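**Student:** here is the input, now give the coordinates:
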Amino acid sequence: MDDPEFLEALLRGVGSALVACDSDGRIVFYNDRMRELFGHDNATVPLGRWVERVPLWHHDGRPIQTEELPLIRALAGETVRHAEILANDQRDSRRWLTVNAHPVRDHDGTIIGAAAAVEDVTVIHEARVHETCQNAVLAALAGGTSADAAREAAVRAVGDQLRWPYVRLWLLDPVTERLRHDATYTAAGEQPLPLPDSFAFGEGLAGRCWQHGELIWVPDIHAAGSPVVTQVREGTRVRAAGAVPVRAGKQVTGVMTFYSYDPQEPEPGLAVLLTGIADNLGAHLQQHRADGLARHLAAVTEEYVALAGHELRTPVTSITTYSELLADTPGLPPAAHELVGAVHRNSVQLRRLIDQLLDLTALDTGHRALADTDVDLATVAGEAVADLRGEAAAGRITIATEATGAAVVRGDADRLRQVVLNLLDNAVKFSPHDATVTVRVTREDGVVLLVVTDTGCGLPGDRTADLFRRLYRGDNARHTGTPGNGLGLALCRAIVERHHGTIDLHPNRPLGTTAVVRLPART
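**Tutor:** The predicted model follows:
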């Protein structure tokens, strides 16, 4: 088709921005997509003056020189592929572009002009930046030396990745009921942003975001009704701003504000990114508060148990001692002797409970040192079985053992024997007459397994995890009158975890329970 009008109409309808020049750098073709990007007036500007009229940068922010323009390079005979250009469009919004340019030659091979196709890759570029920003924030929150340092690093990551000169995190102060400054990012070379240290509900950009509980965009901070405070509008070159609420559940507990020198439109992709970052900050704050409460509760519990244990030991010891003396008193009536015996038995049981509580607290808090030697778990299990055979035989219960291969672990033999004894004692107590309890020790894939199986009353419904809590006893144990104080499994858990292992309970079909302990095998 040789019709030039048809060819020009075809090129004008192409989705890409197209431009062509003659050998003197005068633009001879400039389609509608180019006009959308760079305006109508620049269609008549010679290439030599383009960088004066249209500020252009490389993607890394360096200004583009005239000789670096793709069309100029093409006029010099170079075929340019995927040159990266950053420019502001007619709405003064940043556009990330890639340009392919090539020389145009006549039939003799003489360069008579150059042509270029400009692709707008802003969406692709921003998606890549958003992903990088999200990852940087997550890494900051996960890797901070403290919660405060983690939030500072997260705010810095937002400013660095999105190229915003100012980002600030505000948190709700429960005492003053105001948003107070928590973390700040100020880009290198920038003056500090003139903001107050706190905002009331509905006051300023941060307070307005808190009030509405949703993302706020301010494309022009100088427009009527702008929530940005006067000192920022009059004392900085900032043009746009925004704020996103930080939540704990449904409650707003903070606000992140940001400021830009470029017009900041409410782009959906950026809105999703900022909402996600705010959610991450909210989750981090909740986790930090929960960890703090857990540490405080653990410390209070430890102090309470230690205090109660030590305060109770002295009177319980006295009761035990005096009851023994009374029991040995000549001429004590049989009825009185029976009462004194009951007092002695209960005081001994109470002393044992106190000792176990103190021992468990010391293990949980790491205050009880453990030996670190090679331990053959099969041997330890065999000793525990020997200790309980008499008790099992009294209930007509058989204990079967199975050990295969090397079962050596690093740890404390006495403590591991305590685990086996507790699990085996439970299995025997809950098993009916003429039942069999099985103890198996094996090694699989670098793990030593201790498995104790019984055919007793089984587990209490869906409350298996509760069985490892202190002083908790399942309904089945209470209703059958099986003796116990609810500390055995808690003690097992503490010992196993100190040996870097795991302990679980599973149903033994059709009836009974299987306890499984997994410990790292000695390499």
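**Student:** how far does the helix or strand where residue 99 lies sit from its chain's centre?
**Tutor:** For residue 99, the element it lies in under DSSP states H and E is strand 94-105. Distance of strand 94-105 from the chain centroid (C-alpha atoms, centre = their mean, to the nearest Å) equals 43 Å.
**Student:** buried residues, it. List them.
**Tutor:** 94-104 (16 or more other C-beta atoms under 10 Å). In short, each C-beta sits where N, CA and C put it, glycine included.
**Student:** just give me the closest of these to residue 503.
**Tutor:** Comparing these against residue 503 with C-beta to C-beta places residue 96 closest, at 55.5 Å.
**Student:** next, give phi and psi for residue 114.
**Tutor:** phi -150, psi 150 (degrees, to the nearest 10).
**Student:** who's it bridged to?
**Tutor:** residue 21, residue 103 (DSSP bridges).
**Student:** likewise for the one 5 residues further on?
**Tutor:** Judged by DSSP bridges, the bridge partners of residue 119 are residue 98.
**Student:** point out where the protein drops to low pLDDT.
**Tutor:** For the chain, applying pLDDT under 70 flags the ranges 1-15, 144, 264, 289-313, 353-354, 356-368, 460-466, 468-486.
**Student:** just the element for the residue of it most remote from its centre, please.
**Tutor:** Relative to the C-alpha centroid of the chain, counting by C-alpha atoms, centre = their mean, residue 331 is the outermost residue, at 71.3 Å. Residue 331 is part of no helix or strand, with elements assigned from DSSP H and E.
**Student:** quick check: the gap between it and residue 337.
**Tutor:** 10 Å (C-beta to C-beta, to the nearest Å).
**Student:** contacts for the strand holding residue 99?
**Tutor:** With contact meaning C-beta atoms under 8 Å, 6 or more residues apart in numbering, strand 94-105 is reached by 20, 37, 59, 70-71, 73-75, 77-89, 111-122, 124-126, 262.
**Student:** what of stretch 261-268?
**Tutor:** 88, 91-94, 126, 165, 215, 217-220, 237-242.
**Student:** for PyMOL, what selects the buried ones among the residues you listed?
**Tutor:** Of those, the buried ones can be selected in PyMOL as follows, counting by 16+ other C-beta under 10 Å:
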select buried, resi 88+94+126+165+215+217+218+219+238+239+240+241+242
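**Student:** narrow the contacts of stretch 261-268 to those in strands?
**Tutor:** Taking DSSP state E, the ones among the contacts of stretch 261-268 that sit in strands are 88, 94, 217-218, 240-242.
**Student:** nearest to residue 65, of these?
**Tutor:** Nearest member of those to residue 65, counting by C-beta to C-beta, is residue 88, at 17.8 Å.
**Student:** just to check, the closest one is in contact with residue 57?
**Tutor:** No. Contact status for residue 88 versus residue 57: not in contact, 9.5 Å apart, counting by C-beta atoms under 8 Å.
**Student:** all strands for the stretch 151-300 of the chain, in order.
**Tutor:** For the stretch 151-300 of the chain, the strands defined by DSSP state E, counting those that start in this stretch occupy 166-173, 178-186, 198-199, 216-218, 240-248, 251-260.
**Student:** redo those strands as JSON lines? Include distance to residue 433.
**Tutor:** Output for the strands of the stretch 151-300 of the chain, formatted as JSON lines (distance: least, C-beta to C-beta, whole Å):
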{"stretch": "strand 166-173", "distance to residue 433": "64"}
{"stretch": "strand 178-186", "distance to residue 433": "66"}
{"stretch": "strand 198-199", "distance to residue 433": "73"}
{"stretch": "strand 216-218", "distance to residue 433": "74"}
{"stretch": "strand 240-248", "distance to residue 433": "56"}
{"stretch": "strand 251-260", "distance to residue 433": "58"}
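**Student:** ok, which of those strands comes nearest residue 48?
**Tutor:** For residue 48, the closest of the strands of the stretch 151-300 of the chain is strand 251-260, at 32.4 Å, according to C-beta to C-beta.
**Student:** contacts for that closest one, please.
**Tutor:** So strand 251-260 is contacted by 155, 158-159, 162, 164-172, 179, 182, 193, 205-206, 209-210, 213, 232, 236, 238-247, 274, 277-278, 281-282, 285 (C-beta under 8 Å, 6+ apart).
**Student:** and with 6 Å instead?
**Tutor:** Residues from elsewhere that reach strand 251-260 (C-beta atoms under 6 Å, 6 or more residues apart in numbering): 164, 166-172, 179, 205-206, 209-210, 213, 238, 240-246, 278.
**Student:** try stretch 401-415
**Tutor:** 370-371, 374-378, 380, 385, 439-443, 448, 495, 499, 519, 522.
**Student:** again, only this time at 8 Å
**Tutor:** Residues outside stretch 401-415 that contact it (C-beta under 8 Å, 6+ apart): 370-378, 380-382, 385, 416, 438-443, 448, 495, 498-499, 519-522.
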